[in-house]
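Visitor: dropping a prediction and its sequence here:
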Amino acid sequence: MTQGIDYGNLMHGAMRGLIRDVMAGVAAQGLPGAHHFFITLNTHHPDVVMADWLRARYPDEITIVIQHWFENLEVDDDGFAITLNFGNQPEPLYIPFDAISTFVDPSVEFGLKFETHVSDDDEGDDAEDDEAPMEEAEPEERKAGEVVSLDEFRR
């Protein structure tokens, strides 16, 4: 029996459910207005599917941008599949919701940041994710390693 209620993991589940609902809406109706997303994910999560060259370039994490060009967006209970353009090269991805460390919609100053939680059964200290380097998945030249503070999206 557990010692108490694990509010942290319950909150993360609810926040990932919000992302699932948002992505399902975009899959059904497209991106409304100026909405667009910066999504940072853990590339070594076992269920992330991406091209070997992309994983080699971003072995720990990558931030994708869902804005002007994307195709084949399909959402399921565990994550979403999408095709994005990396340097004029379309690449299919599968992103589990629990691989996401940040989700930001700067058009409305909305952002979620997931901290790493270690359960009582796991060994180690709780760690907080640092701000993530941003990688645009669009045909324009990208700035690898550019750090964007999520504070600028908060009110």
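Guide: Arrived safely, thanks for sending. Numbering: from 1, shown residues only.
Visitor: what is the least confident helix or strand in the chain?
Guide: strand 133-134 (a mean of 39; mean pLDDT, DSSP states H and E).
Visitor: near Ile39, how many other residues are there?
Guide: The number of residues packed near Ile39 is 24, by other C-beta atoms under 10 Å. Every residue, glycine included, has its C-beta placed from N, CA and C.
Visitor: for it, helix, strand, or coil?
Guide: strand (DSSP: H, G, I helix; E, B strand; the rest coil).
Visitor: now do the contacts for it.
Guide: Thr63, Ile64, Val65, Ile66, Ile95, Ile100, Thr102, Phe103, Val104 (C-beta atoms under 8 Å, 6 or more residues apart in numbering).
Visitor: go again with 7 Å.
Guide: Thr63, Ile64, Ile66, Ile100, Phe103 (C-beta atoms under 7 Å, 6 or more residues apart in numbering).
Visitor: which residues touch the helix or strand Ala28 falls within?
Guide: Taking DSSP states H and E as the criterion, Ala28 maps to helix 7-29. Identification of contacts with helix 7-29 by C-beta under 7 Å, 6+ apart yields Leu73, Glu74, Val75, Phe80, Phe97, Asp98, Ile100, Phe103, Leu112, Phe114, His117.
Visitor: now, those residues that are in strands?
Guide: Residues of the contacts of helix 7-29 located in strands (DSSP state E): Leu73, Glu74, Val75, Phe80, Ile100, Phe103, Leu112.
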